[in-house]
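Peer 1: turn this into a model:
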Amino acid sequence: MNNSDYIIKGKNMKKYVLIIIFSFIWLASCIVYLPTPQEQRPLPKEEPYYEEDYRAGSYEVGSSYFYDYLSTYGIWVYHSRYGYVWIPEVRMYNWRPYTYGQWVWTDYGWTWISSFEWGWAPFHYGRWGKDNELGWFWVPGSTWGPAWIVWRSSNLYIGWAPIPPDVHFIPGIGIHTLPYSLNVYYWIFIDGRYFLNSRIYRYIIPVERNRTIIYATSLKARIEVKNDRIINRALDESFVRSITKRRITKYSLQDKDKVGPNKVRVNRVEVFRPTIKTEETAKPKVVLNKEEAKTKISKKKIAIPAEEETPKARRALEEGHTHEARILKETQEKELRELTASFNRRKKAARNEAEKRKIEETYKNELTKFKERHAEEEAQLKQRHKKEKTAKKKIRKF
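Peer 2: Next up, the predicted model:
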């Protein structure tokens with residue numbers, strides 16, 4: 001092999017090397033960089049909302065204030081999941097949170113005004129939970145809100161339910177949905193016409209109707225921060241105006257530095273809503289475990305044999321049952337009238353006789369289903385009333 005052959009081979013080798021280099025450069029330009037899972041940007045950590053981020057009123061107290069103040073109105077119990085929880089002393093038939101009071105429209109959205117002396121605290125801070133053995137209990141919190149509830153509504157009904165303790169308010173995200181469906185007994189429903197009534201408990205529909213109404217309503221959850229305010233506006237103001245046929249008064253909130261119930265005045269609502277300073281070591285002076293609480297609640301029930309029951313107590317129970325039966329019947333009949341009116345509108349808009357007959361057949365089927373559900377509800381209500389009449393009458397203090 002002569003020198004010229006080596007020169008030619010060297011040139012070819014350089015050519016091949018250059019081709020390979022340029023090929024790598026070209027391929028690299030086509031690659032899209034994908035970060036590994038460890039390099040991806042993490043989602044924001046969901047943390048509970050703290051009052052220090054958004055102050056409530058100018059008055060400030062420590063979290064121990066809840067423990068001391070509410071001890072007069074109930075008992076504190078240690079809950080294995082939620083820590084110290086409070087069970088109120090209530091002597092009202094079928095009581096549930098957010099039933100005795102009224103709704104008013106403010107700059108914070110729909111705001112609950114409780115009828116209870118202690119209502120300024122558990123209906124505006126913390127959360128309500130339900131225990132099969134202890135009943136309703138309240139878990140303290142440091143965040144003031146107009147009402148920690150979610151809504152359901154339709155063209156006939158308005159309903160609300162307490163947000164459970166394990167559903168947190170997330171700064172920047174708020175509460176716009178629920179991670180699971182609430183128990184039917186959480187929900188409080190009324191005929192929407194009476195939503196603005198100051199004695200709203202008179203219009204609460206018996207819980208036997210809840211399952212039917214839940215399927216006929218849509219969930220509305222929207223609690224968020226606007227201009228440093230916690231606002232609950234999921235239930236649209238214009239919708240309430242249309243269903244109640246009433247003008248809605250907008251109230252301003254006026255802070256007061258003295259403990260006591262919130263009050264509705266001519267154009268304002270006076271509220272006690274202190275900023276809560278978290279105290280890590282705070283605890284109630286007297287705390288019961290669950291078994292002790294069950295025993296105490298049981299002892300606070302005064303058993304009265306039916307034959308020894310006073311005429312006044314019997315009359316009160318009968319009036320309560322009559323009232324519930326009337327509301328159940330009224331709302332059922334209104335549903336049927338609305339169903340008939342809806343199908344009549346569809347029938348009127350039908351394009352031909354075949355379409356009309358199809359609408360009529362659908363109407364008959366729907367009417368049958370409604371009547372069957374209504375019969376079940378009525379039977380369940382009668383069964384509950386019968387148990388309440390025949391069992392030993394008990395006045396539940398807690």
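Peer 1: tell me which residues in stretch 284-303 are buried?
Peer 2: 284, 287-288, 293, 297 (16 or more other Cβ atoms under 10 Å). All C-beta atoms are positioned from the backbone trio N, CA, C, and that covers glycine.
Peer 1: now do stretch 356-364
Peer 2: Within stretch 356-364, the residues that qualify as buried are 359, 363, counting by 16+ other Cβ under 10 Å.
Peer 1: just the helices in the stretch 101-250 of the chain please.
Peer 2: Under the criterion DSSP state H, counting those that start in this stretch, helices of the stretch 101-250 of the chain are mapped to 210-216, 237-244.
Peer 1: figure out which of the ones you listed is closest to residue 385.
Peer 2: helix 210-216 (16.6 Å; Cβ to Cβ).
Peer 1: which strands or helices does the closest one pack on?
Peer 2: Judged by 3 or more Cβ pairs under 8 Å, 6 or more residues apart in numbering; DSSP states H and E, helix 210-216 is in contact with strand 157-162, helix 353-390.
Peer 1: following the least confident helix or strand in the chain by mean pLDDT, which helix or strand comes up?
Peer 2: When the helices and strands of the chain are compared on mean pLDDT, DSSP states H and E, strand 302-304 comes out lowest with a mean of 42. Scanning forward in sequence from strand 302-304 by DSSP states H and E, the next helix or strand is helix 311-348.
Peer 1: flag every buried residue along that following helix.
Peer 2: 317, 321, 324, 327-328, 331-332, 335, 343, 346.
Peer 1: so can I have a markdown table of the buried residues of stretch 284-303 showing secondary structure, pLDDT and distance to residue 263?
Peer 2: Shown next, in a markdown table, are these (DSSP: H, G, I helix; E, B strand; the rest coil; pLDDT from 0 to 100; distance: Cβ to Cβ, whole Å):
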| residue | secondary structure | pLDDT | distance to residue 263 |
| --- | --- | --- | --- |
| 284 | coil | 95 | 28 |
| 287 | coil | 94 | 32 |
| 288 | strand | 93 | 33 |
| 293 | helix | 89 | 32 |
| 297 | helix | 75 | 31 |
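Peer 1: tabulate these in TSV, adding columns for distance to residue 83.
Peer 2: Shown next, in TSV, are the buried residues of stretch 284-303 (distance: Cβ to Cβ, whole Å):
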residue	distance to residue 83
284	10
287	10
288	13
293	14
297	19
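Peer 1: among the residues you listed, which one lies nearest to residue 216?
Peer 2: In terms of Cβ to Cβ, no member of the buried residues of stretch 284-303 lies closer to residue 216 than residue 297, at 35.5 Å.
Peer 1: hmm, residue 134 and that closest one touching each other?
Peer 2: Yes. Shown here, residue 297 and residue 134 form a contact pair, counting by Cβ atoms under 8 Å, at 7.0 Å.
Peer 1: hang on, the earlier thing: quick one, which of the buried residues of helix 311-348 has the minimum pLDDT?
Peer 2: Within the buried residues of helix 311-348, the minimum per-residue pLDDT falls on residue 317 (84).
Peer 1: could I get the CA-only coordinates of stretch 213-227 as PDB?
Peer 2: C-alpha atoms of stretch 213-227 as PDB (Å, rounded to 0.1, in the frame of the first residue of the first chain):
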ATOM      1  CA  ILE A 213     -85.100  15.900  47.700                       C
ATOM      2  CA  ILE A 214     -81.300  15.300  47.400                       C
ATOM      3  CA  TYR A 215     -81.900  13.600  44.000                       C
ATOM      4  CA  ALA A 216     -83.900  16.600  42.900                       C
ATOM      5  CA  THR A 217     -81.400  19.300  43.900                       C
ATOM      6  CA  SER A 218     -77.900  20.200  42.900                       C
ATOM      7  CA  LEU A 219     -74.900  20.700  45.200                       C
ATOM      8  CA  LYS A 220     -73.500  24.200  45.500                       C
ATOM      9  CA  ALA A 221     -70.300  24.800  47.400                       C
ATOM     10  CA  ARG A 222     -68.300  28.000  47.100                       C
ATOM     11  CA  ILE A 223     -66.400  29.300  50.100                       C
ATOM     12  CA  GLU A 224     -63.500  31.500  49.300                       C
ATOM     13  CA  VAL A 225     -61.500  34.600  50.200                       C
ATOM     14  CA  LYS A 226     -62.300  38.000  48.700                       C
ATOM     15  CA  ASN A 227     -60.600  41.200  49.900                       C
END
